[in-house]
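In: Got a predicted structure here, sequence first:
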Amino acid sequence: MDLKGRNFLTLRDFTTEEILYLLDLAEDVKNKKKNGIPVDHYHGKNVVLLFEKDSTRTRCAFEVAAYDMGMGATYLGPTGSQMGKKESIEDTARVLGRMYDGIEYRGFEQEIVEEIAKYAGVPVWNGLTNEYHPTQMLADMLTVREHLGRLKGVKLVYFGDARYNMGNSLMVACSKLGMHFVACTTAKYFPSPELVAACEEYAAESGGSITLTEDVEEGTKDADVVCTDVWVSMLYLIHISEPTRPY
């Protein structure tokens, strides 16, 4: 399977087979590293990590991955670029795309990473936006498969504000992979009806299902995996962290 040159902005853009291929590839690279087998096949390549939101784990994960695979990595933190200040998103994307072989973005609205991808001319990876967190999904799904030996048929229950990146992305991933996703939270924190409808279509094709419930006992019955995010609404976190943007 050839995914060369593809952007990685949301798992909605990928088929079940493509997602499974990425998981198999990740598992292979992980096992080779653990066994001391070099995976540094990308000497001469360089990537830039464009962070508008700080993150210890995401930064370290991308930097270590780049170095392990033989690439150079440049980190641009929240004050490290002029994007949205002296330079537009389009200009930033064009400049970085001429200097680097790939761009990872972690920040705010999904529209920003989509615009970067539109103008960069190189692959762009979504390290987190308000709406989606697809790279986290690969790590989560690989972890589930490592522990349970399977993905198809697994019941995964998510507690918390399911309207934003983690709830949205878990629902997309599960529905694409034939898993049974449950958002167990108050009704006002349910994912958007539009995304639920799309994921129900994915689930119908893969053999999975989507359930939204406020009943904790029913939601967790026969669960294989239970997970959550911070115990604060993402809407609140976005409100207090997102600067006034001149885009």
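Out: Cool, got the structure.
In: what about residue 70, is that helix, strand or coil?
Out: coil (DSSP: H, G, I helix; E, B strand; the rest coil).
In: List the residues that contact the residue positioned nearest the centre of the chain.
Out: When C-alpha atoms, centre = their mean is applied to the chain, the residue found nearest the centroid is residue 134 (1.8 Å). The contact partners of residue 134, taken as C-beta atoms under 8 Å, 6 or more residues apart in numbering, are 8-11, 126, 169. The way it works is simple: take the backbone N, C-alpha and C, and place the C-beta from them, glycine included.
In: And the residues you listed, which is closest to residue 77?
Out: Residue 77 lies nearest to residue 126 out of these, by C-beta to C-beta, at 17.4 Å.
In: which one of the contacts of residue 134 sits closest to residue 204?
Out: Closest to residue 204, out of all of the contacts of residue 134 and judged by C-beta to C-beta, is residue 11, at 16.7 Å.
In: how much space is there between that closest one and residue 33?
Out: Counting by C-beta to C-beta, to the nearest Å, the separation of residue 11 from residue 33 is 24 Å.
In: And residue 181, by the same measure?
Out: Taking C-beta to C-beta, one finds residue 181 at 30 Å from residue 33.
In: who's more crowded, the two?
Out: A count of neighbours by other C-beta atoms under 10 Å puts residue 181 above the other of residue 181 and residue 33, at 27 against 15.
In: Just confirm the more buried one is within a strand.
Out: Yes. Read with three-state DSSP, residue 181 is one of the residues of a strand.
In: got a pLDDT number for residue 238?
Out: For residue 238, the pLDDT comes out at 61.
In: brain fart, residue 84
Out: Among the per-residue scores, residue 84 holds a pLDDT of 76.
In: just use 545 as the starting number from now, easier for me
Out: Yes, from this point I'll number from 545; that puts the last item at residue 628.
In: for it, phi and psi?
Out: The phi/psi pair for residue 628 (degrees, to the nearest 10) reads phi 80, psi 0.
In: Any idea how many residues pack against it?
Out: By the measure other C-beta under 10 Å, the count of residues near residue 628 is 18.
In: Same check on residue 572?
Out: Neighbour number of residue 572 under other C-beta under 10 Å is 12.
In: What are the contacting residues of the helix or strand hosting it?
Out: Per DSSP states H and E: residue 572 is located in helix 560-578. Residues outside helix 560-578 that contact it (C-beta under 8 Å, 6+ apart): 545, 547, 555, 558, 582-583, 612-613, 682, 685-686, 689-690, 717, 720-722, 749-750.
In: Kindly report the same for stretch 690-702.
Out: Everything outside stretch 690-702 that qualifies as a contact, by C-beta under 8 Å, 6+ apart, is 571, 685, 688-689, 710-711, 714-715, 718, 721-729, 750-752, 763-764, 766-772.
In: Quote the end-to-end distance of that stretch.
Out: End-to-end distance of stretch 690-702: 19 Å, with C-alpha to C-alpha, to the nearest Å as the criterion.
In: and it, which residues are buried?
Out: Using 16 or more other C-beta atoms under 10 Å as the burial criterion, the residues of stretch 690-702 that qualify are 695, 698-702.
In: and the residue of the chain positioned farthest from its centre, how far is that from residue 741?
Out: Most distant from the centre of the chain: residue 761, at 28.9 Å, with distances by C-alpha atoms, centre = their mean. Between residue 761 and residue 741 the computed distance is 27 Å (C-beta to C-beta).
In: re earlier: name the element the residue farthest from the centre of the chain belongs to?
Out: According to DSSP H and E, residue 761 maps onto helix 760-764.
In: buried ones in that helix?
Out: residue 763.
In: Contacts for that helix, please.
Out: Here helix 760-764 makes contact (C-beta under 8 Å, 6+ apart) with 701, 726, 728, 755, 757, 770.
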